[in-house]
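show me how the following folds:
(one chain, ligands or ions: 1)
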Amino acid sequence: MQVKFLNCLIDLSKGVFKPRPETKFWVKKVIQELKKQKGKLKILDIFSGSGCIGIAILKNKKGVFCHFVDIDKRAIEQIKINLKLNKISPRSYLVSQSNLFEKLKGKKYDIICANPPYVAKERLWEVQESVKKTEPKISWYGGKGGLRWIKKFLKEAKKFLKPGGKIFMEFDPLQIPEIEKILKKERYSHFQFYKDQFQRYRWLKIQN
Ligand SMILES: C[S@@+](CC[C@H](N)C(=O)[O-])C[C@H]1O[C@@H](n2cnc3c(N)ncnc32)[C@H](O)[C@@H]1O
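Prediction:
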């Protein structure tokens, strides 16, 4: 199966997470913001899955280098397929299999984009059968409160950000109070929550 995502064609034949309309919505906003920025940009697309976020940025904004990172071998294969499918120059990307930032020691980015697995254990009953059948649990399940990966990600991410860098992250609207607590605990001071196309808080921007 292939789907369209912001001027890109995304192949899902390896059985990875299918890009959601909510993700498309915020990534479009991010691209609009990045287009205003001058100079070269080094981007990290972590929890990359099909690679849709990083590929859409590469395809729609000049002067970008993107590092794609996922823990799942299927995703790594899928990202490589999609980079070729969208004719992205091999000079403008790197693909790494890594558990979060484990293999990224010492690296720094201008922009970090993340769509972590965030379905809460308590809301498992809401997950459609089709999702359970076709998308790996590792790609959407976030444990207690859906916060397992969000917590780990936010604890580490700032170390990988250049001065003046930005983090964009997707989450479940119900997680806002907990995420706000995590952000304060991890000493992020400039952050803002944004709504999706359905008027629900869905993504945030953190500035370093
Ligand atoms: C919700 S999907 C997002 C996929 C894609 N970025 C998108 O927005 O459609 C989350 C992805 O995170 C990956 N993942 C889960 N745990 C991870 C970890 N500890 N480190 C890196 N990637 C992980 C999964 O394999 C999956 O591809």
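
residue contacts, the closest residue to the ligand within the chain?
Taking Cβ to the nearest ligand atom, the ligand has its nearest neighbour within the chain at Gly49, 2.5 Å off. (C-beta placed from N, C-alpha, C; glycine too.) Shown in contact with Gly49 (Cβ atoms under 8 Å, 6 or more residues apart in numbering): 16-17, 19, 70, 75, 78-79, 115, 139.

any chance of those in JSON lines, plus secondary structure, neighbour count and pLDDT?
Formatted as JSON lines, the entries for the contacts of Gly49 read as follows, by DSSP: H, G, I helix; E, B strand; the rest coil; neighbours: other Cβ atoms under 10 Å; pLDDT from 0 to 100:
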{"residue": "Val16", "secondary structure": "coil", "neighbour count": "27", "pLDDT": "97"}
{"residue": "Phe17", "secondary structure": "coil", "neighbour count": "26", "pLDDT": "97"}
{"residue": "Pro19", "secondary structure": "coil", "neighbour count": "23", "pLDDT": "97"}
{"residue": "Asp70", "secondary structure": "strand", "neighbour count": "26", "pLDDT": "98"}
{"residue": "Ala75", "secondary structure": "helix", "neighbour count": "26", "pLDDT": "98"}
{"residue": "Gln78", "secondary structure": "helix", "neighbour count": "25", "pLDDT": "98"}
{"residue": "Ile79", "secondary structure": "helix", "neighbour count": "28", "pLDDT": "98"}
{"residue": "Asn115", "secondary structure": "coil", "neighbour count": "25", "pLDDT": "98"}
{"residue": "Ser139", "secondary structure": "helix", "neighbour count": "23", "pLDDT": "96"}
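
how about the residue of the chain closest to the ligand, nearest residue that isn't a chain neighbour?
Nearest residue to Gly49, sequence neighbours excluded (Cβ to Cβ, 6 or more residues apart in numbering): Phe17, at 4.2 Å.

so does the lengthiest strand in the chain get close to the ligand?
In the chain, taking DSSP state E as the definition, the longest strand is strand 161-170. No - residues of strand 161-170 contacting the ligand under Cβ under 6 Å from any ligand atom: none, with a closest distance of 6.9 Å.

name the strands paired with that strand and say parallel or antiparallel.
The strands beside strand 161-170 in its sheet (DSSP bridges) come out as strand 109-114 (parallel), strand 201-207 (antiparallel).

mind listing residues that contact the helix or strand just after it?
Counting by DSSP states H and E, the element after strand 161-170 in chain order, helix or strand, is helix 176-185. Residues from elsewhere that reach helix 176-185, judged by Cβ under 8 Å, 6+ apart: 145, 147, 150-151, 154, 171, 191, 193, 201, 204, 206.

ok so, going back, where does the longest strand of the chain sit relative to the chain's centre, distance-wise?
How far strand 161-170 lies from its chain's middle: 12 Å, per Cα atoms, centre = their mean, to the nearest Å.
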